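Colleague: Just to be clear, the model below is a prediction. Sequence and coordinates:
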Amino acid sequence: MAEWTDPQIRTLIDERRTRNDESRTGARYFDEFRTHFWERSEDEFDRVRRINTFNQKRSRGSGYITPIPSTRDVERELKDG
């Protein structure tokens, strides 16, 4: 994945500022993108979301509600992920 340089990010933010006339919003987005949020490590929210996604995929198309998977099954799925 290509990394954004600070000047590129600033250009995007300036364009957004011009369109929306909201300087605070642009600065907030610049700070968020500068931290490379997409490279951060997985936190508890991400783990729960992945477990929920796993459960939804398991039950989709089966025509019935599947039982809740064991913690061991979920951990195995997360490792194989």
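Modeller: Happy to help now that I have it. Numbering: from 1, shown residues only.

Colleague: from what I can see W4 touches F33, true?
Modeller: Yes: if you go by CB atoms under 8 Å, W4 and F33 touch, sitting 6.3 Å apart. (C-beta placed from N, C-alpha, C; glycine too.)

Colleague: and the protein, what are its domains?
Modeller: Listed by automatic domain parsing, the domain ranges of the chain are 6-39, 44-80.

Colleague: distance between the ends of the first one?
Modeller: Start to finish, the residues bounding domain 6-39 are 17 Å apart (CA to CA, to the nearest Å).

Colleague: So for that domain, mean pLDDT?
Modeller: Across domain 6-39, pLDDT averages out at 73.

Colleague: Just the buried positions in the helix or strand encompassing K57, please.
Modeller: Element membership for K57 (DSSP states H and E) is helix 44-59. For helix 44-59, the neighbour count (16 or more other CB atoms under 10 Å) marks I51, F54, N55 as buried.

Colleague: Return the closest of those residues with respect to R28.
Modeller: Among those, I51 lies closest to R28 (CB to CB), at 30.0 Å.

Colleague: excluding its backbone neighbours, what's nearest that closest one?
Modeller: Spatially, and ignoring its direct neighbours in sequence, I51 is nearest to V74 (5.2 Å; CB to CB, 6 or more residues apart in numbering).
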